[in-house]
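A.B. asks: How does the following fold in three dimensions:
(chains A and B)
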Amino acid sequence: MSYIPGQPVTAVVVIEIHKLRQGENLILGFSIGGGIDQDPSQNPFSEDKTDKGIYVTRVSEGGPAEIAGLQIGDKIMQVNGWDMTMVTHDQARKRLTKRSEEVVRLLVTRQSLQKAVQQSMLS
Amino acid sequence: MESLRVTVDFLKVPLGLKKPVLKEVAVGPPKRPQPAALERYKARRSDAMDTESQYSGYSYKSGHSRSSRKHRDRRDRHRSKSRDGGRGDKSVTIQAPGEPLLDNESTRGDERDDNWGETTTVVTGTSEHSISHDDLTRIAKDMEDSVPLDCSRHLGVAAGATLALLSFLTPLAFLLLPPLLWREELEPCGTACEGLFISVAFKLLILLLGSWALFFRRPKASLPRVFVLRALLMVLVFLLVVSYWLFYGVRILDARERSYQGVVQFAVSLVDALLFVHYLAVVLLELRQLQPQFTLKVVRSTDGASRFYNVGHLSIQRVAVWILEKYYHDFPVYNPALLNLPKSVLAKKVSGFKVYSLGEENSTNNSTGQSRAVIAAAARRRDNSHNEYYYEEAEHERRVRKRRARLVVAVEEAFTHIKRLQEEEQKNPREVMDPREAAQAIFASMARAMQKYLRTTKQQPYHTMESILQHLEFCITHDMTPKAFLERYLAAGPTIQYHKERWLAKQWTLVSEEPVTNGLKDGIVFLLKRQDFSLVVSTKKVPFFKLSEEFVDPKSHKFVMRLQSETSV
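C.D. replies: From the prediction side, this is the model:
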């Protein structure tokens, strides 16, 4: 993503997911991949293959994430204010599955959004 | 007259003609005004002495044959001429492409030909400066007849031999003269002298063997200039011996030295010094060139066959000899028939352009423009000759393969007809053949296939029927398989494989911008010329390698799996 001074660096979307209680666990209904301890070249969703961020790899049908508007391929930048761009895979999982939180606010960016913003900036 | 003189100049390289003599010999066609041509050739003739040199290989027995004498004459005349001048330019000037193509036939509007206005001019490849073969041989003969016999090379060898003999006999003379001249006054010396005598004897023997190993060799080539290092060594030995004799004469002979042991020690020191000079000779002549310092690229000018070689520090003339030795066994033989594009391809290339020059005074200025216009127009024209070339090549390839298959089958079959007679078998003496007869017996069945194959690959000048028979006989004698017999014909081999007298050239010309006794340096380019092709040699220095070390602990080789896990949250 190219940086133009004075313009926002990335286009982000705020997604609020209300966790669903299933027995003992609180689930969000999606799967994540990536992390600084993982191999970034295997990530099918990232544009830059050295990007070690956390990406959404699967969204389960009808789950809280899908309802809230999370899409497959999204990159999660923050979770409740905690940064997710430089975390290990396990740390990311922990931040998402805190038992004390019922609602998580995710700051998410996606490529289609980025492209739309860039086109509107150029035009 | 100008034109003939001009061509003989150009041909100076192989014939080694002197410039002043040329003017007497030249007999030319009627004089024609050709301003541009004259300027071009005049520029060349005004150069200082060329540094081209000429040498002949294999002319060791030089006194006997007239041809080698002829070579030496030319070389010596050349050498005396070149000694007068300093550096010179390349002896061969290649016409720049900017030179007018239409030079010879161009319409310059001069009054040569009355019918000029009515004829059209076409660019062709021939030149009106051509000279016939008869003229060439006539000029060459005139040159040879006028030169006296020359012994300079013999002089060098004789001088070296006498010097060596002198230096070998000097210690013996030192030892023998006192007892001969003043035996009565001499103090006898005991065991010390005997030890010294033994050491002198053995050192002289070692010196003799070493010299035999190093110097007593048939020369491989005769070089155009003096071999600098060898001359240096000879001067050194000469000075050494002379200074020893001087000291001997003054201190010992005149003073009638009485202590014989001193004399013997003097002689021993001379022998030691000679041994060290021999060591120096080994290092300078043999060892210095072994460590590779330069990479040479040798390219044959006619078909681009190239090789790379590594050499050490050598002078240009010695490198030339070395390269020629390598050329004869590395390069495939030069086959002039393989050079040209097939005629069907070339036929289309004749340009159909007619060029007229309007405005006769400005013709010299416009000629370059004209030629450029012709070239540009020819380039723009839609040219399909590459198509022809491709199909012609494919066809030729197919033909060669077909003939080759037939040949291989024929030879295989022919070889099955004979077998070696075992000792135990009893055969009628009439049926037993020697290799020659066996070869002749089976040759007939493969002769036709062989001839067709050789003709297709254009190798037939290199293999006569006699040579094929001889090779067949050779292979049969040594129990070779048909494939081994055929390897000689299926691929063009190096030149040394073919019949010696016909293909091994003795006369090569070294063309160089630098004096040929200079050592090799980075970026030197020189040529080794024959009549029909030349070898272009360019030098490059072997780079300096900076080697650094990195220690790898064997325990440091550790590996992890590449992770890509997916967790559902």
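A.B. asks: can we go C-alpha only for contacts and neighbour counts from here?
C.D. replies: OK.
A.B. asks: Distance of B:Glu397 relative to B:Thr457?
C.D. replies: 10 Å (Cα to Cα, to the nearest Å).
A.B. asks: For the closest residue to chain B within chain A, the count of nearby residues, please.
C.D. replies: Relative to chain B, the nearest point of chain A is A:Ser31 (3.8 Å; Cα to the nearest Cα). By other Cα atoms under 10 Å in any protein chain shown, 19 other residues sit near A:Ser31.
A.B. asks: For it, which non-adjacent residue is spatially closest?
C.D. replies: Sequence neighbours aside, B:Ser568 is the residue nearest to A:Ser31 in space, at 3.8 Å (criterion: Cα to Cα, 6 or more residues apart in numbering or on different chains).
A.B. asks: OK, contacts around that neighbour?
C.D. replies: A:Gly29, A:Phe30, A:Ser31, A:Ile32 (Cα atoms under 8 Å, 6 or more residues apart in numbering or on different chains).
A.B. asks: picking that back up, the residue of chain A closest to chain B against B:Glu566, yeah?
C.D. replies: Yes: at 6.3 Å, A:Ser31 counts as touching B:Glu566 under the criterion of Cα atoms under 8 Å.
A.B. asks: and B:Ser548, what are its phi and psi?
C.D. replies: B:Ser548 has phi and psi values of phi -120, psi 160 when expressed as degrees, to the nearest 10.
A.B. asks: for A:Lys75, same thing?
C.D. replies: For A:Lys75, the backbone dihedrals (degrees, to the nearest 10) come out as phi -100, psi 130.
A.B. asks: go on, B:Phe331?
C.D. replies: Dihedral angles for B:Phe331 - degrees, to the nearest 10 - are phi -90, psi 140.
A.B. asks: What's the local residue count around it?
C.D. replies: Using other Cα under 10 Å, B:Phe331 has 19 neighbouring residues.
A.B. asks: B:Glu397 and B:Thr457: which is more packed in?
C.D. replies: Between B:Glu397 and B:Thr457, B:Thr457 has the larger neighbour count (other Cα under 10 Å), namely 20 against 13.
A.B. asks: could you list every residue that touches the more buried one?
C.D. replies: B:Val400.
A.B. asks: Then A:Ala11?
C.D. replies: A:Ala11 sits next to A:Thr109, A:Arg110, A:Leu113, A:Gln114, A:Val117 when contact means Cα under 8 Å, 6+ apart.
A.B. asks: Quick one: buried ones out of those?
C.D. replies: Among those, those classed as buried by 16 or more other Cα atoms under 10 Å in any protein chain shown are A:Thr109, A:Arg110, A:Gln114.
A.B. asks: Distance to chain B, pLDDT and secondary structure added to those residues, as a markdown table?
C.D. replies: Shown next, in a markdown table, are the buried ones among the contacts of A:Ala11 (distance: Cα to the nearest Cα, whole Å; pLDDT from 0 to 100; DSSP: H, G, I helix; E, B strand; the rest coil):
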| residue | distance to chain B | pLDDT | secondary structure |
| --- | --- | --- | --- |
| A:Thr109 | 19 | 90 | strand |
| A:Arg110 | 19 | 85 | coil |
| A:Gln114 | 25 | 78 | helix |
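A.B. asks: So for residue 27, what pLDDT did the model give?
C.D. replies: Going with chain A. At A:Ile27, the model reports a pLDDT of 88.
A.B. asks: Oops, wrong one, chain B.
C.D. replies: pLDDT, B:Val27: 41.
A.B. asks: Strand partners (parallel or antiparallel) of the helix or strand encompassing the residue of chain A closest to chain B?
C.D. replies: In the assignment (DSSP states H and E), A:Ser31 maps to strand A:30-34. With DSSP bridges as the test, strand A:30-34 is paired with strand A:54-59 (antiparallel), strand B:566-568 (antiparallel).
A.B. asks: can you pull the contacts of the most centrally placed residue in chain A?
C.D. replies: Nearest to the geometric centre of chain A sits A:Ile76, at 2.1 Å (Cα atoms, centre = their mean). Applying Cα under 8 Å, 6+ apart, we find A:Ile76 in contact with A:Gly53, A:Ile54, A:Tyr55, A:Val56, A:Met84, A:Thr85, A:Leu106, A:Leu107, A:Val108, A:Thr109.
A.B. asks: The fifth one contacts A:Met77, correct?
C.D. replies: Yes: contact status for A:Met84 versus A:Met77: in contact at 5.0 Å, counting by Cα under 8 Å.
A.B. asks: Mind checking which of the two has more residues around it?
C.D. replies: A:Met84 (26 against 20).
A.B. asks: which intervals of chain B have sub-threshold pLDDT?
C.D. replies: Filtered on pLDDT under 70, chain B yields the residue ranges B:1-152, B:340-370, B:378-383, B:499-505.
A.B. asks: rerun at 50
C.D. replies: The model of chain B has pLDDT under 50 over residues B:1-113, B:117, B:125, B:143-149, B:363.
A.B. asks: Can you name the residue of it nearest chain A?
C.D. replies: Nearest residue of chain B to chain A: B:Ser568, at 3.8 Å (Cα to the nearest Cα).
A.B. asks: ok, back up a step: who touches the strand holding A:Ser31?
C.D. replies: So strand A:30-34 is in contact with A:40, A:43, A:52-60, A:63, A:65, A:88-89, A:93, B:564-569, going by Cα under 8 Å, 6+ apart.
A.B. asks: and it, how far from the chain's centre?
C.D. replies: When C-alpha coordinates are averaged (Cα atoms, centre = their mean, to the nearest Å), strand A:30-34 and its chain have centres 8 Å apart.
A.B. asks: Convert it to PDB, retaining C-alpha atoms only.
C.D. replies: The C-alpha trace of strand A:30-34 is given here as PDB (Å, rounded to 0.1, in the frame of the first residue of the first chain):
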ATOM      1  CA  PHE A  30     -14.000 -17.200  12.100                       C
ATOM      2  CA  SER A  31     -10.400 -18.500  11.700                       C
ATOM      3  CA  ILE A  32      -7.200 -16.600  11.700                       C
ATOM      4  CA  GLY A  33      -3.900 -17.200  10.000                       C
ATOM      5  CA  GLY A  34      -0.600 -15.500  10.100                       C
END
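A.B. asks: for B:His329, what are its contacts?
C.D. replies: For B:His329, the contacting residues are B:Pro494, B:Thr495, B:Ile496, B:Gln497, by Cα under 8 Å, 6+ apart.
A.B. asks: And those, which of them are buried?
C.D. replies: Buried, going by 16+ other Cα under 10 Å: B:Thr495, B:Ile496, out of the contacts of B:His329.
A.B. asks: can you give me the helices in the stretch 101-250 of chain B?
C.D. replies: Taking DSSP state H, counting those that start in this stretch, the helices of the stretch 101-250 of chain B run over residues B:133-145, B:152-181, B:191-215, B:228-247.
A.B. asks: Tell me which of those helices sits nearest to B:Ala221.
C.D. replies: Minimum separation from B:Ala221 across the helices of the stretch 101-250 of chain B (Cα to Cα) falls at helix B:152-181, 11.6 Å.
A.B. asks: relative to helix B:228-247, how tilted is that closest one?
C.D. replies: With axes from the mean of the first three to the mean of the last three Cα atoms, to 10 degrees applied, the angle from helix B:152-181 to helix B:228-247 works out at 20 degrees.
A.B. asks: Kindly confirm whether my reading is correct that B:Asn310 touches B:Thr295.
C.D. replies: Yes: counting by Cα under 8 Å, B:Asn310 touches B:Thr295, with 4.5 Å between them.
A.B. asks: Can you get me a residue count around A:Gln119?
C.D. replies: A:Gln119 has 10 neighbours, counted by other Cα under 10 Å.
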